[in-house]
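Sequence first, then the predicted structure:
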Amino acid sequence: MIPYGRQDISEEDRAAVDAVLRSDFLTQGPAVPRFEEALAARVGASHAVAVNSATSALHMAVAALGLGQGDLLWTTPITFVASANCGRYCGADVDFVDIDPETFNMCADALEAKLAIAEAAGRLPKVIVPVHMCGQSPDMIRIGALARRYGVRVVEDASHAIGADYDGKPVGDCAHSDVTVFSFHPVKIITTAEGGLATTNDPALAERMALLRSHGITRDDALMTEPSHGPWYYQQIDLGWNYRMTEMQAALGLSQLSRLDPFVARRRALADRYDNALQEMPLSIPGRDPKADSAWHLYVIRLHDKTRHRAVFERLRDAGIGVNLHYIPVHLQPYYKAFGFAEGDFPQSEDYYARAISIPLYAGLSDAMQDEVIAALTEALS
């Protein structure tokens with residue numbers, strides 16, 4: 001089986017983790033801050049806060065922005081459920097903005113129209129979470145400008161997009177947002193096994209996120225409510241969580257980060273090969289925004305004939321091609337349908353779901369393996 005995604009672990013990666021296992025610290029040691037500093041420098045952000053998953057990073061980020069009971073968070077239906085669930089964790093309501101059918105990202109036109117309606121109704125969102133679907137940035141220039149106009153905070157869910165560029169700069173520099181979140185799950189572009197990280201240029205926001213990831217506990221005298229009792233002393237000054245990243249994860253991430261550029265270059269080359277090979281097939285290849293240079297976490301095709309969707313998917317699986325579908329529209333999940341969402345609410349997202357198939361794409365995919373995928377797709381469509 002050729003999987004849709006797979007980690008690439010080197011001997012250097014194994015050695016980095018082994019060195020931590022032989023050290024004095026397995027958690028809360030020097031590796032995590034080193035990883036944070038290196039990744040912040042790589043994307044051009046002032047601060048980075050590493051955690052145990054991108055889901056934790058999303059929750060931590062929106063909580064640090066003050067999202068709470070009675071507030072509203074907007075995201076896109078075509079994403080993993082965590083992009084919406086982070087709002088629910090804070091007690092906020094969640095709504096969605098439909099996608100651009102070419103890029104699969106939050107449509108800036110739809111966002112602009114929905115914000116105008118929301119302002120007139122007196123029910124603007126507190127936070128917007130645009131998703132970098134497949135590794136390509138949304139139209140963050142427009143989204144950021146709209147957010148500033150309406151006084152809305154922005155958390156970029158760039159779980160797919162470490163190594164991507166937008167408007168000539170690395171995704172993660174937070175030029176158009178308050179926070180950017182990355183994922184390091186094994187199928188992502190670099191991995192820490194599980195893990196996530198949030199970048200920001202706001203020092204107060206970085207401090208708040210760092211507090212929340214570790215139980216709301218501080219040893220900083222400046223943050224305490226009374227003088228320290230001694231060198232053992234700490235205070236819990238807020239209700240946080242244990243979202244800390246381990247030293248082993250950080251060491252693996254730091255080692256993987258050294259290969260980010262070749263990983264992304266290989267993914268881009270493979271995406272170009274797919275573009276060239278699939279042009280004459282009865283399907284649509286992913287659209288490319290000229291301002292965005294995708295990191296290509298996923299390569300999603302859309303069949304012209306949606307009546308053959310399941311049959312083509314199953315024929316590919318039967319042929320040993322580990323295709324997948326990213327994603328089922330979040331508003332059609334039973335949990336969200338219970339809030340009143342229904343089929344027909346976001347037609348572009350629903351049409352995408354009826355046609356989309358994620359085909360294999362990862363740095364270790366050889367040209368020969370990719371040719372096998374293309375041949376199987378040709379056969380399945382014939």
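Yep, it's here.

need the contact list for the spatially most central residue of the chain.
Per C-alpha atoms, centre = their mean, the C-alpha nearest to the average position across the chain is that of residue 159, at 1.7 Å. Counting by C-beta atoms under 8 Å, 6 or more residues apart in numbering, residue 159 makes contact with 54, 80, 131-132, 181-183, 185, 188, 196. In this view, the C-beta of every residue, glycine as well, is placed from N, C-alpha and C.

Which of these sits closest to residue 172?
Nearest to residue 172 among the contacts of residue 159 is residue 182, at 6.7 Å by C-beta to C-beta.

Pull the number of nearby residues for that closest one.
Neighbour count for residue 182, taken as other C-beta atoms under 10 Å: 30.

same thing with residue 274?
By the measure other C-beta under 10 Å, the count of residues near residue 274 is 22.

My guess is it contacts residue 285. True?
Yes: using C-beta atoms under 8 Å, residue 274 is in contact with residue 285, at 6.9 Å.

can you give me the mean pLDDT across stretch 305-320?
Per-region confidence: stretch 305-320 scores 98 on mean pLDDT.

got the buried residues for stretch 278-287?
Within stretch 278-287, the residues that qualify as buried are 278, 281, 283-286, counting by 16 or more other C-beta atoms under 10 Å.

Endpoint to endpoint, that stretch covers what distance?
13 Å (C-alpha to C-alpha, to the nearest Å).

ok, longest helix in the chain?
Criterion DSSP state H: the longest helix present in the chain is helix 260-278.

buried stuff in that helix?
Buried residues in helix 260-278, counted by 16+ other C-beta under 10 Å: 260, 263-264, 266-268, 270-271, 273-274, 277-278.

Shouldn't the residue nearest to the centre of the chain be within a helix?
No: with DSSP: H, G, I helix; E, B strand; the rest coil as the criterion, residue 159 is coil rather than part of a helix.

Give me the phi and psi for it.
When read as degrees, to the nearest 10, the backbone of residue 159 gives phi -50, psi -30.

for the longest helix of the chain, packing partners?
Packing partners of helix 260-278 (3 or more C-beta pairs under 8 Å, 6 or more residues apart in numbering; DSSP states H and E): strand 299-303, helix 367-381.

which one of those lies closest to residue 62?
Across the helices and strands packed on helix 260-278, residue 62 has its closest neighbour in strand 299-303 (26.5 Å, C-beta to C-beta).

ok, residues contacting the closest one?
Residues contacting strand 299-303 (C-beta under 8 Å, 6+ apart): 104, 134, 270-271, 274, 278, 282-286, 309, 312, 326, 352, 355-361, 377, 381.

So which of those sit within helices?
270-271, 274, 278, 309, 312, 352, 355, 377, 381.

tell me the helices in the protein, going along the chain?
With DSSP H as the definition, the chain shows helices at residue ranges 11-21, 31-43, 54-64, 82-89, 108-121, 140-150, 203-212, 247-257, 260-278, 309-318, 334-337, 347-355, 367-381.

which ones are touching the residue nearest to residue 194 when sequence neighbours are not counted?
Take residue 194 and drop its neighbours on the chain: the residue closest to it by C-beta to C-beta, 6 or more residues apart in numbering is residue 53, 5.4 Å away. Residues near residue 53 by C-beta under 8 Å, 6+ apart: 183, 185, 194-196, 243.

ok, 7 Å please
For residue 53, the contact set (C-beta atoms under 7 Å, 6 or more residues apart in numbering) comprises 194-196.

Equivalent analysis for residue 12, please.
With contact set as C-beta under 7 Å, 6+ apart, residue 12 has these partners: residue 255.

Show me the one of the helices of the chain that comes nearest residue 222.
Going by C-beta to C-beta, the one of the helices of the chain nearest residue 222 is helix 203-212, 10.1 Å.

buried set for the closest one?
Within helix 203-212, the residues that qualify as buried are 205-212, counting by 16+ other C-beta under 10 Å.

same thing with stretch 233-249?
Within stretch 233-249, the residues scored as buried using 16+ other C-beta under 10 Å are 235, 240-241, 243-249.

what does the average pLDDT come to for it?
Taken as a whole, stretch 233-249 has a mean pLDDT of 97.

swap in stretch 28-42?
Here stretch 28-42 scores 97 as its mean pLDDT.
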